[in-house]
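Q: sequence and predicted structure below; questions after.
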Amino acid sequence: MKQIIIEGSNKLRGTINIGGAKNSAVALIPAAIMGEGISTLTNVPCISDCDDLLEILKLLNVDTTLNDGKMTIDTRHVENKIISEDLSTRLRASYYFMGALLARFKHVEMYFPGGCNIGARPIDIHLKGFEALGAKVKKEDSKYIIEADELHGAEIILDFASVGATINIMLAASLAKGTTIIHNAAREVEIINIADFLNKMGAKISGAGTDEVIIEGVSSLHGGSIRVIPDRIEAGTYIIMGALLGDKLKVSGIIPEHLAILFSKFDEMGINYELGDDYVLLNKAKKIKPANIRTVVYPGFPTDLGQPMSVLLTQCDGISLFDETIFENRMGHVKYLNSMGAKIEVSGKQATISGKTPLHGAQITATDLRSGAALVTAGLIAEGTTTINDVEHILRGYERIITKLSDVGAKIKIVEI
Ligand code: UD1
């Protein structure tokens, strides 16, 4: 097990450069297998989720190289194989191999995906989408067999604007016969990045980033290249840290409009920041007004930032509300924040946070990726030493987090025990 140890209460000064978006990269990598030839992705984040996807590509006999964030994916010898339970369950995004392999081979066998333990996370909307395109879905224990003689276009109304289902249907429909329209599609910016990549590979997709995505199927795709967009969740996490501890902390390489909802919350809470074209400069906020955060689909407040944001809410003067509406279980970090001195009461998917409470160091445990990010944030502002267990969760989604924070003055290290 890996632990992160933090000596808290140090100011953060200097620049943190934001890496490529996890939720884009983890879809772009499986999407690349749909192209016949070589694809290139740049700005690929150095996170363990990407390493796990590379292992799946290796199994499928796809050659890859990865140097300094530039990944080449050569599919000239690709073979369709069963993706084992061990590989499928390592991460959520393994589910994109369902759409990608179904598109390319019209047959896929793999297991229920893994990912953070933040609720049931069914994949019924993905599967209904594949069926609408003409596929048959069989389930043998926890293995899925999805196959089709031919995929055809369809009009699909999603029960919920699911990010994963929107992308998966977009993948499968790109190589279907005829036109597919996804109604009630998710509008997250990562979906635009995936559609841009598929279009560079020869697909015909329009409307990505709106709630109606139109995919005109084509008969084959070739290799393409794309730059992974900046990670708005990584950026948001460091921006929150800047509001708590910044001493001219610059968070650089961001697309400010992707973070508009966070900045609008900062305005409401009286937190100052200086926004440039691709950066934001932050100082520790002196007096922070309480706020109500309700996580919803894009462009609303992202569920992936709710937990880090809840740490900021502990430092507001008054009572704030953190209302999670997407996943059942985003409160895994709360008992640990309370053990550090926070006053948070949880009722179902809502947390009432009474501030301002000083935090002190403690022995705590990351229960999922974003709870881990929240606990690192808490450890940085706490008096004394904080030790966080099970930080493998954090390494799945935050590249070089120890180096990035150490470089701006945090006293943080990672140890293997
Ligand atoms: C993706 C992101 C995750 C983010 C989430 C919401 C990746 C790899 N992960 O996850 O970081 O928190 O979007 O922005 O990109 N649902 C169903 N049936 C389905 C699919 C989803 O009921 O078939 C439900 C889920 O349980 C959840 C909600 O819909 O309650 C949203 O899920 P979805 O948008 O699909 O999230 P993910 O793709 O899992």
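A: That came through, no problem. Numbers count the residues shown, from 1 in each chain.
Q: how about the helices in the stretch 251-400 of the chain?
A: Secondary structure of the stretch 251-400 of the chain, counting by DSSP state H, counting those that start in this stretch: helices at 260-269, 303-313, 334-339, 369-381, 392-395.
Q: same check, this time on the stretch 101-250 of the chain
A: 124-132, 163-174, 189-200, 232-245.
Q: any residue of the last one touching the ligand?
A: Put plainly, it is helix 232-245. No - against the ligand, helix 232-245 shows no contacts by Cβ under 6 Å from any ligand atom, the least distance being 7.4 Å. C-betas here are computed from N, CA, C, even on glycine.
Q: quick thing: my sequence starts at 40, can you match it?
A: Happy to do that; since the first residue is 40 now, the last one works out to helix 271-284.
Q: which strands and helices sit next to that helix?
A: Applying 3 or more Cβ pairs under 8 Å, 6 or more residues apart in numbering; DSSP states H and E, one finds that helix 271-284 contacts strand 51-56, helix 61-71, strand 285-291, helix 299-308, strand 312-314, strand 318-322, helix 342-352, helix 408-420.
Q: just the mean pLDDT for the fourth one, thanks.
A: What it means is helix 299-308. Averaging pLDDT along helix 299-308 yields 98.
Q: check the shortest one too.
A: Over the span of strand 312-314, the pLDDT mean works out to 98.
Q: alongside the ligand, which residues does the stretch 240-389 of the chain contribute?
A: T342, D343, I365, F366.
Q: redo that, cut-off 8 Å
A: By the rule Cβ under 8 Å from any ligand atom, the part of the stretch 240-389 of the chain lying against the ligand is I272, V336, Y337, P341, T342, D343, I365, F366, E367.
Q: who wins for most neighbours among these?
A: Neighbour count (other Cβ atoms under 10 Å) singles out D343 as the most crowded of those, with 25 neighbours.
Q: please name the nearest non-neighbouring residue to that one.
A: Nearest residue to D343, sequence neighbours excluded (Cβ to Cβ, 6 or more residues apart in numbering): I272, at 4.5 Å.
Q: show the contacting residues for that neighbour.
A: A60, K61, N62, P341, D343, L344, R409, G436 (Cβ atoms under 8 Å, 6 or more residues apart in numbering).
Q: which one of these has the most neighbours?
A: When neighbours are counted by other Cβ under 10 Å, R409 leads the contacts of I272 with 30 neighbours.
Q: what about the strands in the stretch 40-189 of the chain?
A: Using DSSP state E, counting those that start in this stretch, the strands of the stretch 40-189 of the chain run over 41-46, 51-56, 74-75, 77-81, 102-106, 109-113, 146-150, 175-179, 182-186.
Q: mind putting the ones you listed into CSV with mean neighbour count and mean pLDDT?
A: Shown next, in CSV, are the strands of the stretch 40-189 of the chain (neighbours: other Cβ atoms under 10 Å; pLDDT from 0 to 100):
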stretch, mean neighbour count, mean pLDDT
strand 41-46, 20, 97
strand 51-56, 18, 98
strand 74-75, 20, 98
strand 77-81, 20, 98
strand 102-106, 13, 97
strand 109-113, 20, 98
strand 146-150, 20, 96
strand 175-179, 12, 96
strand 182-186, 18, 96
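Q: of all of the chain, which residue lies closest to the ligand?
A: The nearest approach of the chain to the ligand comes at G203, 2.7 Å away (Cβ to the nearest ligand atom).
Q: so where is this protein shaky, pLDDT-wise?
A: Scanning the chain for pLDDT under 70 picks out nothing.
Q: domain ranges for it, per the record?
A: 41-58+269-455, 61-266 (automatic domain parsing).
Q: so K452 bridges to which residues?
A: I44 (DSSP bridges).
Q: that one contacts I441, correct?
A: Yes - K452 is in contact with I441 according to Cβ atoms under 8 Å; the separation is 6.5 Å.
Q: returning to what we had before: turn the helices and strands packed on helix 271-284 into TSV, including distance to T426.
A: Output for the helices and strands packed on helix 271-284, formatted as TSV (distance: least, Cβ to Cβ, whole Å):
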stretch	distance to T426
strand 51-56	20
helix 61-71	25
strand 285-291	24
helix 299-308	29
strand 312-314	31
strand 318-322	27
helix 342-352	17
helix 408-420	8
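Q: can you pull the contacts of the residue nearest to E227 when sequence neighbours are not counted?
A: Excluding its sequence neighbours, the residue lying closest to E227 (Cβ to Cβ, 6+ apart) is Y337, at 4.4 Å. Counting by Cβ under 8 Å, 6+ apart, Y337 touches A225, R226, E227, V228.
Q: rewinding a little: mutual contacts of K452 and I441, please.
A: Counting by Cβ under 8 Å, 6+ apart, the shared contacts of K452 and I441 are I43.
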